[in-house]
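[1] okay, sequence plus prediction incoming.
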Amino acid sequence: MKEFNPADNIQDLQYFGEFGGVNPSISDSSTYTFLSAKTMFDTFEGNAEGCYLYSRHSSPSNLYLGQALAAMEGTEAANVTASGMGAITSVLLQLCKGGDSIISSRTVYGGTYAFMKNFLPGFGISTSFVDITNPEAVEAAITPTSKVLYCETVSNPLLEIADIETLAGIAKKHNLALVVDNTFSPLSVSPYKLGADVVIHSLTKFINGSSDTVGGVICGTQQFIDDLRNVNAGAAMLLGPTMDSLRAASILKNLRTLHIRIKQHSYNALHLAQHFEQDGLTVVYPGLESHRGHNKYKGMINPEYGFGGLLTIDVGSLDKANELMELMQHRNLGYLAVSLGFYKTLFSAPGSSTSSEIPAEEQKQMGLSDGLIRFSIGLDNDIERTYSMMRQCMAELGIIK
Ligand SMILES: *Cc1c(COP(=O)(O)O)cnc(C)c1O
């Protein structure tokens with residue numbers, strides 16, 4: 001049997017647009033006509049395959065993008081959403097009702113953390129945050145009300161690795177749904193193949209890759225995706241986090257080059273990580289042997305896509321971090337901006353930005369220090385040239401000799 005390769009699966013899809021276009025036609029409509037009233041009724045009941053009802057439910061352009069992302073993750077189906085948070089919140093509200101609880105990695109995206117910590121308790125849903133790299137701690141946190149085990153494959157911003165196969169074993173044993181946010185590692189890791197039940201992405205990042213829109217996707221079984229879209233009780237239908245059709249069409253076109261981009265992001269990030277480490281900096285990158293999860297991650301990835309485009313360095317203090325980021329931006333080495341997966345390098349200090357939802361005391365506990373800079377390494381053509389220029393900035397600020 002052919003080995004699972006996410007990019008080949010995307011390539012093997014074939015679409016034709018109206019009039020023989022090489023891209024699928026965009027459906028620029030919010031509502032759809034029916035030839036018979038009976039078909040309209042059946043569509044509401046969810047029984048009319050291939051019929052469209054109303055674009056909050058589904059639309060051809062959104063289904064094309066969903067199909068490509070399901071092929072990428074190896075799931076039966078997928079539902080695209082207006083943002084990554086639209087995907088995460090819909091999944092959690094679909095799977096958990098008042099009285100249920102969640103076990104979550106303590107190092108997750110700041111918005112996800114805030115939703116679980118501050119928003120869900122108002123609906124009677126509680127979350128225990130655990131060290132996801134410690135399976136005993138995960139299992140010990142499970143109670144009779146637990147419904148979901150939640151993690152990121154590569155965590156934001158500490159780049160910890162979740163051992164998805166082990167977590168899937170724990171989830172199965174206790175009848176929990178394992179939900180994995182794979183935003184940092186598209187193509188590199190295929191969580192569904194490793195036993196996850198639901199895979200989520202923020203399309204805003206690597207998958208779209210051009211920092212011009214937000215978007216999200218939920219990948220899972222046909223049954224789960226149908227449940228999410230159900231007109232009577234589906235979170236994706238009733239909360240309305242619907243992606244616009246025009247945007248779905250543009251993201252699908254960007255998805256075509258994802259495999260090339262990911263390889264270049266990974267190549268560039270590994271080069272910088274290795275050189276920064278040789279310079280004596282504290283570097284965290286899953287591709288370095290010094291990374292705590294390196295060996296595990298090496299066994300998890302589809303190797304041709306590498307270890308990803310994210311790395312962190314610790315320059316000691318927030319002031320130094322800010323000075324360095326401002327200087328690098330001044331020299332046009334990247335932008336001082338949140339988000340990731342752009343052609344240009346993006347850097348930010350997570351403690352005071354993307355993870356600022358996490359209280360200072362908890363940041364300290366999880367190892368999120370003030371001087372930490374998160375880099376999303378760009379598609380630079382000559383990474384050695386970039387390295388010399390970054391090194392020069394660090395030397396001028398006394399960060400390295
Ligand atoms: C950005 C991000 C999200 C949220 O996605 P949006 O598209 O901004 O709503 C969720 N998880 C991770 C890991 C992210 O990086």
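    Received the coordinates, thanks. Model, not experiment: these values are computed from the prediction. Numbering: from 1, shown residues only.
[2] gap between the two ends of stretch 186-193?
    With Cα to Cα, to the nearest Å as the measure, stretch 186-193 spans 13 Å from end to end.
[3] just stretch 126-136 next, same as before
    Start to finish, the residues bounding stretch 126-136 are 20 Å apart (Cα to Cα).
[4] so what touches it?
    Stretch 126-136 is contacted by residues 101-107, 113, 116-117, 120, 137-138, 141, 145, 151, 155, 160-163, 166-167, 170, 292-293 when judged by Cβ atoms under 8 Å, 6 or more residues apart in numbering. (Glycine included, C-beta is placed from N, CA and C.)
[5] packing partners of the strand or helix carrying Tyr113?
    Taking DSSP states H and E as the criterion, Tyr113 maps to helix 110-114. If you count contacts as 3 or more Cβ pairs under 8 Å, 6 or more residues apart in numbering; DSSP states H and E, helix 110-114 packs onto helix 84-95.
[6] state the mean pLDDT of the helix it packs on.
    Averaging pLDDT along helix 84-95 yields 98.
[7] chain neighbours aside, what residue packs nearest to the closest residue to the ligand within the stretch 1-150 of the chain?
    Closest contact between the stretch 1-150 of the chain and the ligand, by Cβ to the nearest ligand atom, is at Gly84 (2.2 Å). Leaving aside its chain neighbours, Gly84 sits nearest to Ser202 (2.6 Å; criterion: Cβ to Cβ, 6 or more residues apart in numbering).
[8] any idea how far the ligand is from that neighbour?
    Here Ser202 is placed at a distance of 3 Å from the ligand (Cβ to the nearest ligand atom, to the nearest Å).
[9] angles on the backbone of that residue, please.
    Main-chain dihedrals, Ser202, degrees, to the nearest 10: phi -90, psi 110.
[10] looks like it contacts Thr81 (just checking).
    No: the pair Ser202 / Thr81 is not scored as a contact, 9.6 Å apart, by Cβ atoms under 8 Å.
[11] report the contact partners of the residue of the stretch 1-150 of the chain closest to the ligand.
    By Cβ under 8 Å, 6+ apart, the residues touching Gly84 are Tyr109, Asp181, Thr183, Ile200, His201, Ser202, Leu203, Thr204, Lys205, Val214, Gly215, Gly216.
[12] now the residue most central in space within the chain: how far from Asn23?
    For the chain, Thr183 is the residue whose C-alpha lies nearest the centre (Cα atoms, centre = their mean; 1.5 Å). Using Cβ to Cβ, to the nearest Å, Thr183 is found at 25 Å from Asn23.
[13] how about Gly398?
    52 Å.
[14] these two: which is more packed in?
    Neighbours were counted for Gly398 and for Asn23 using other Cβ atoms under 10 Å; Asn23 has more, 13 against 10.
[15] isn't the more buried one up against Ser61?
    No: the criterion here is Cβ under 8 Å, and Asn23 misses it with Ser61 at 10.3 Å.
[16] that older thread, any chance you could list what contacts the helix holding Tyr113?
    With Cβ under 8 Å, 6+ apart as the criterion, helix 110-114 contacts Met85, Ile88, Ser104, Phe129, Tyr150, Asn156, Asp181, Thr354, Ser355, Ser356, Glu357, Ile358.
[17] let's see that with 10 Å instead.
    Outside helix 110-114, the residues that touch it by Cβ atoms under 10 Å, 6 or more residues apart in numbering are 83-85, 88-89, 92, 104-108, 119-120, 127, 129, 150, 152, 156-157, 181, 200, 202, 338, 350, 353-358, 362.
[18] among the residues you listed, which are in helices?
    Per DSSP state H, helices hold the following members of those: Gly84, Met85, Ile88, Thr89, Leu92, Glu362.
[19] which one of the residues you listed is nearest Leu281?
    Glu362 (25.4 Å; Cβ to Cβ).
[20] what about Arg292, how many neighbours?
    Residues lying near Arg292 (other Cβ under 10 Å) number 13.
[21] tell me if I'm right that it and Val284 touch.
    Yes: judged on Cβ atoms under 10 Å, Arg292 makes contact with Val284 at a distance of 8.9 Å.
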